[in-house]
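Visitor: sequence-free structure coming up:
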């Protein structure tokens, strides 16, 4: 058979360049299509598997730059994958920024172990490495954005087109980290405030203008450099009010990132995850942080507890992990002690125990040995930035409160000097605004020392020396948190009732009496022995808590609602005096207020639950705690046990129950 003509000759694929062009085109088109699909499709987030509750704890974790190659300074993406997998296996459920906003503002219920993941500063590499992990797990997260980097299209950062894809996917939400984060600003306080407020407003406006339909709900509190100092913008009162109009949520650094219903949504705590942390480390911090926030009457060994250095680094006391000298704490085994903590550094060393943001009352008991310098036990406020401390040297033991510019002012002093290199026993009680110290079995002050209230933050232990190294040892140290013990007194109390309270001085945290009646939008002051209450509250370190008694709204006929059998239920939502009570609190600068609903019918109390929750949120924003009773008041021999957060079933039965003291 002869050869085929060239017209019918077989042309192999290998030799056909046009076929290769077509194949390459389809490969590139497919790759682009898959990438575009991945960026544009909306991910169906994983449904919560655990039960939801108003009593949820929300742990906020912030991760810095996530990278593809191992690095000492950044988080390796494989480590992140292991951490998130461990969180899921241990019952944590991921929530969004919107979920948290609704939790605090719309009474939305969340999983009891909720976690918000935040990734810092809008790095392109972070997004590229983290997004596939989140999509695989179907978990949401948030990214903080410095809008100047986006506007200037700086290398290594995300641009508007990618940010729009992220939001559209449903996986990501955005948090402001300011506009010109690295800008050096003037020393003048007015200029500082003006610049920072403008900066955050610009950031919000840019995001909302470039991502149509997106609402910025939160910002991340950061450091601003001025010429001679670094100012952490936690905000003065006027600045905070202005910022709250721009963002309803704020995240702030903390030793633990755990929050609950009683937390201030404008001061939400976040934990910065360090590079190299193992999943077990992260879980330990989160679980113990939850225990610290919800602790109530627990007796905890400090040596077995979770501690942090001032720079936020976790201190592993269980293995007596050592740190280099200098400002870093070093923990080593204390001779003749199974549960010992030893601190030493130049000029000092300090560690912090996570405080409880609901319970400001605690007892610390320990054996202590000061080798060199001074020792201090210190506590800072979660909300106000104030603080107090107690400690001293071989000459004196002092109680001090922080004043302007970080300086401390003496409230009380004792000449009970500390003998160096010898063990002493201390028992420190903090309840209400009173501080009591027992040193080697002797009470240092006949009466409690009164300090500003709401100092219920992290508790620190310090060794410090003006010359050389500070060195301190603690043995068998234990701490117990306990709730408020508040006692009722008549407006003009009898001497017997006062003497009964004095008997329980160490236990009692506050006293209350009726100061106003509230009926609709009308308030009437009630006469009471104001001077006496001021004297006893200061003398014994008790908080004075005004009681507002809410009365039924009168009908046009002059009869109260109760005479009509409680049938006018439509009035419940109309007459609850939220704004009236809030204005009264602001005018009098109260830190607590007690709402007495005992004069109202049961249906009315239950119908007002949502309004009471709203009032609680409003008062927390101005650093005031709301306490509510529904069943009348006990006498001075009984304590009112107030529990937060508010729960709906609390208003259906005896809440809070008046319990007789033992």
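Guide: On my side now, so go ahead. Values in this document were obtained by computation on a predicted structure and should not be read as measured data. Numbering: from 1, shown residues only.

Visitor: next up, the contacts around residue 461.
Guide: Listed by CB atoms under 8 Å, 6 or more residues apart in numbering, the contact set of residue 461 reads 341, 343, 350-353, 375-378, 472, 474. For every residue, glycine as well, the C-beta is placed using N, CA and C.

Visitor: what do you get for residue 425?
Guide: Residues in contact with residue 425 (CB under 8 Å, 6+ apart) are 365-368, 439-441.

Visitor: select only the buried ones of the residues you listed in PyMOL?
Guide: To isolate the buried ones among the contacts of residue 425 in PyMOL, judged by 16 or more other CB atoms under 10 Å, type:
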select buried, resi 365+366+367+368+439
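
Visitor: take the contacts of residue 425 and keep only those in helices.
Guide: Assigned to helices by DSSP state H, none of the contacts of residue 425 qualify.

Visitor: which one of the contacts of residue 425 sits closest to residue 591?
Guide: Among the contacts of residue 425, residue 365 lies closest to residue 591 (CB to CB), at 27.5 Å.

Visitor: residues in contact with that closest one?
Guide: Listed by CB under 8 Å, 6+ apart, the contact partners of residue 365 are 425-428, 477-479.

Visitor: then residue 166?
Guide: By CB under 8 Å, 6+ apart, residue 166 lies in contact with 127, 131, 143, 158, 172, 174.

Visitor: excluding sequence neighbours, find me the nearest residue to the first one.
Guide: Right, the one you point to is residue 127. Using CB to CB, 6 or more residues apart in numbering and skipping the chain neighbours, the partner closest in space to residue 127 is residue 158 (6.0 Å).

Visitor: please report how far the one you found lies from residue 151.
Guide: From residue 158 across to residue 151, the span is 12 Å (CB to CB, to the nearest Å).

Visitor: what about the two, which has more around it?
Guide: More crowded of residue 158 and residue 151, by other CB atoms under 10 Å: residue 158, with 23 against 14.

Visitor: does that one really touch residue 122, like I thought?
Guide: Yes: counting by CB atoms under 8 Å, residue 158 touches residue 122, with 4.7 Å between them.

Visitor: quick one: common contacting residues for these two?
Guide: When contacts are counted by CB under 8 Å, 6+ apart, residue 158 and residue 122 have 143, 145, 150 as shared neighbours.

Visitor: contact partners of the stretch of helix or strand residue 85 belongs to?
Guide: In this structure, residue 85 sits in helix 77-89 according to DSSP states H and E. Contacts to helix 77-89, defined as CB under 8 Å, 6+ apart, come from residues 63, 66-68, 115, 117, 129-130, 133, 137, 139, 273, 275-280, 282-283, 286.

Visitor: would you map the strands across the stretch 101-250 of the chain?
Guide: 110-111, 113-119, 141-145, 172-176, 218-220, 223-225, 230-232, 249-253 (DSSP state E, counting those that start in this stretch).

Visitor: just the stretch 351-500 of the chain next, same as before
Guide: With DSSP E, counting those that start in this stretch as the criterion, the stretch 351-500 of the chain has strands at 361-372, 374-380, 387-392, 397-402, 408-414, 423-431, 434-439, 442-443, 449-450, 459-464, 470-482, 486-488.

Visitor: hmm, back to that, now render the strands of the stretch 101-250 of the chain as a markdown table, adding distance to residue 532, mean pLDDT and mean neighbour count.
Guide: Shown next, in a markdown table, are those (distance: least, CB to CB, whole Å; pLDDT from 0 to 100; neighbours: other CB atoms under 10 Å):
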| stretch | distance to residue 532 | mean pLDDT | mean neighbour count |
| --- | --- | --- | --- |
| strand 110-111 | 45 | 95 | 22 |
| strand 113-119 | 46 | 96 | 23 |
| strand 141-145 | 52 | 96 | 24 |
| strand 172-176 | 50 | 96 | 25 |
| strand 218-220 | 46 | 90 | 24 |
| strand 223-225 | 47 | 42 | 14 |
| strand 230-232 | 41 | 39 | 12 |
| strand 249-253 | 40 | 88 | 21 |
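
Visitor: may I see the buried residues of stretch 394-403?
Guide: By neighbour count on 16+ other CB under 10 Å, the buried set for stretch 394-403 is 397-402.

Visitor: one step back: of the contacts of residue 365, buried ones?
Guide: Buried by 16+ other CB under 10 Å: 426, 428, 477-479, out of those.

Visitor: for those, which one is nearest residue 92?
Guide: Nearest member of those to residue 92, counting by CB to CB, is residue 479, at 26.1 Å.

Visitor: the closest one bridge partners, please.
Guide: Judged by DSSP bridges, the bridge partners of residue 479 are residue 300, residue 364.

Visitor: hmm, it is touching residue 377, no?
Guide: No: Residue 479 lies out of contact with residue 377 (CB under 8 Å); the separation is 10.5 Å.

Visitor: between those two, which contacts overlap?
Guide: Residues within reach of residue 479 and of residue 377 at once, by CB under 8 Å, 6+ apart, are 364, 459.

Visitor: on that earlier part again, got TSV for the contacts of residue 425, with distance to residue 196 too?
Guide: Below are the contacts of residue 425 laid out as TSV (distance: CB to CB, whole Å):
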residue	distance to residue 196
365	43
366	41
367	46
368	42
439	45
440	49
441	51
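
Visitor: pick out whichever of the contacts of residue 425 sits closest to residue 464.
Guide: Among these, residue 368 lies closest to residue 464 (CB to CB), at 14.3 Å.

Visitor: on that earlier part again, dump the contacts of residue 461 to a markdown table, plus distance to residue 524.
Guide: A markdown table is the format used below for those (distance: CB to CB, whole Å):
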| residue | distance to residue 524 |
| --- | --- |
| 341 | 55 |
| 343 | 55 |
| 350 | 50 |
| 351 | 51 |
| 352 | 46 |
| 353 | 45 |
| 375 | 51 |
| 376 | 47 |
| 377 | 44 |
| 378 | 43 |
| 472 | 55 |
| 474 | 53 |
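
Visitor: got CSV for those, with distance to residue 212, pLDDT and neighbour count too?
Guide: Listed next are those as CSV, based on distance: CB to CB, whole Å; pLDDT from 0 to 100; neighbours: other CB atoms under 10 Å:
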residue, distance to residue 212, pLDDT, neighbour count
341, 55, 73, 26
343, 54, 79, 24
350, 49, 73, 22
351, 48, 73, 25
352, 44, 71, 25
353, 47, 69, 24
375, 58, 90, 27
376, 53, 90, 21
377, 53, 89, 20
378, 49, 85, 21
472, 58, 85, 26
474, 58, 81, 24
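
Visitor: show me which of the residues you listed is closest to residue 265.
Guide: residue 352 (23.5 Å).

Visitor: now do the closest one against residue 263, distance only.
Guide: Residue 352 is 18 Å from residue 263, by CB to CB.

Visitor: one more: residue 521?
Guide: Separation of residue 521 from residue 263 (CB to CB): 30 Å.

Visitor: and those two? Which one has more around it.
Guide: Under the criterion of other CB under 10 Å, the comparison of residue 521 against residue 263 puts residue 263 first, with 22 against 13.

Visitor: separation between that one and residue 250?
Guide: Distance, residue 263 to residue 250, by CB to CB: 11 Å.

Visitor: same check, this time on residue 623
Guide: Taking CB to CB, one finds residue 623 at 15 Å from residue 250.

Visitor: now residue 361
Guide: As judged by CB to CB, residue 361 and residue 250 stand 27 Å apart.

Visitor: kindly report the same for residue 214.
Guide: As judged by CB to CB, residue 214 and residue 250 stand 18 Å apart.

Visitor: tally of neighbours for the spatially closest residue to residue 52 that is not a sequence neighbour?
Guide: Among residues not flanking residue 52 along the chain, residue 109 sits closest, at 3.9 Å (CB to CB, 6+ apart). Residue 109 has 15 neighbours, counted by other CB under 10 Å.

Visitor: thank you, goodbye.
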